[in-house]
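# Sequence and predicted model, in that order:
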Amino acid sequence: MQRILHADRLTKTYSGVQSLHDVSITLESGRIYGLIGQNGAGKTTLMRLITGLAFPTSGSLELFGHTGENALQIERKRIGAMIENPGLVPHMTAAENLRLHRIMRGIPGSDVEGELLGLVGLAETGKKKAKDFSLGMKQRLGIAIALLGSPELLILDEPINGLDPLGVVEVRNLLKRLCEEQQMTILISSHNLPELYQTATDYIIIHKGEIMQTLTLAQLEERCKHHLLIRCPQPEKLASVLEMKLNTKNFKVMPDQAVKLYDYLDDKERVARVLVESGIIVTHLSSEGDSLEDYFISTIGGGQHV
């Protein structure tokens, strides 16, 4: 699989405040990467560094096997991006906006304009001006502009923001189709974690400017599997009892000191009995199964961040 992008210890400081710290990630061709993080986590800053809208304070970036600022600027022509708000001219129609961006970027052939408008569901907007578009329509037009030139790397910052449920499904299907049919690599940030769960093949969790985890969909599903959630005042003793008396190492101590036990799912009573007999005061014992939101919250350090 071809390496499309590699960031090595990217750091970005604005006015003495560090927005990104030692960020290292690798993107490979034909995959959809979901960039997950709260507002202010550094998602947009990372996207701006990749696209050349900002420059790192330290660290290095490789695009399509090339490094060095001159080479990166050339390789960035292979990137399509919509970061923050789409750059639309309010008094122009969808077709006029798309034509303006095509001409500015020196992309030949007007046929592509109609194709892209059809692709994002804006073929019937006619003479309606962008200033009169709904937020969802503006997002769709921004995606169409990003797709000009058939990019090999597509970067979308909150692309489903403002879309109705049908629009969300249409954009999801479009991204999957671009990835599968054109082997396009897609980096997408979103607050809609259930939607990312249905779209992305890989996940990058960023928190306070640092990468907390990178994992594939298969790894995420493994980690979100069903478990017994146990809370007690002595998590270290609990871990010892699970190993010594229940003969399992298939558990995880979470950042908030809760313990997830992946064995004995159908024998909760036995677990409770053994813990009580071992002198452990159980304050909580329940059957659980993580959602992506649960996993994200536990990864960045528990409920205090919500």
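Arrived safely.

# Please make it C-alpha for all contacts and neighbour counts, starting now.
OK.

# list the contacts for Ala123?
Shown in contact with Ala123 (C-alpha atoms under 8 Å, 6 or more residues apart in numbering): Gly114, Leu117.

# One more pass at 6 Å, please.
Residues counted as contacts of Ala123 (C-alpha atoms under 6 Å, 6 or more residues apart in numbering) are Leu117.

# Does it belong to a helix, a strand or coil?
Per DSSP: H, G, I helix; E, B strand; the rest coil, the secondary structure class of Ala123 is coil.

# Kindly list the main-chain dihedrals of it?
Phi and psi for Ala123, reported as degrees, to the nearest 10, are phi -70, psi -20.

# How about Pro90?
Dihedral pair for Pro90: phi -60, psi -40, per degrees, to the nearest 10.

# Please identify the buried residues of the worst-scoring helix or strand of the chain on mean pLDDT?
Least confident helix or strand of the chain, by mean pLDDT, DSSP states H and E, is helix 292-300 with a mean of 82. Going by neighbour count (16 or more other C-alpha atoms under 10 Å), the buried part of helix 292-300 is Leu292, Glu293, Tyr295, Phe296, Ile297, Ser298, Thr299, Ile300.

# Can you give the domain ranges for the chain?
3-220, 225-289 (automatic domain parsing).

# Return the most buried member of these.
Counting by mean count of other C-alpha atoms under 10 Å, domain 3-220 has the highest mean neighbour count of the domains of the chain, with a mean of 18.

# Now do that domain: distance from first to last residue.
With C-alpha to C-alpha, to the nearest Å applied, domain 3-220 spans 22 Å between its terminal residues.

# 42 is where my numbering starts, stick with that
With 42 as the first residue, the last one maps to domain 44-261.

# Redo the domains of the chain as CSV? Include mean pLDDT.
Converted to CSV, the domains of the chain look like this (pLDDT from 0 to 100):
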stretch, mean pLDDT
domain 44-261, 92
domain 266-330, 92
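
# just to revisit the earlier point, now the buried residues of helix 333-341 in a markdown table, please, with extra columns for distance to Ser191.
Output for the buried residues of helix 333-341, formatted as a markdown table (distance: C-alpha to C-alpha, whole Å):
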| residue | distance to Ser191 |
| --- | --- |
| Leu333 | 31 |
| Glu334 | 33 |
| Tyr336 | 34 |
| Phe337 | 33 |
| Ile338 | 36 |
| Ser339 | 38 |
| Thr340 | 35 |
| Ile341 | 36 |
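
# can you give me the strands for this protein?
With strands called from DSSP state E, the chain shows them at 44-55, 58-69, 73-77, 99-104, 120-123, 194-198, 226-230, 243-248, 251-257, 267-272, 292-294, 300-302, 325-330.
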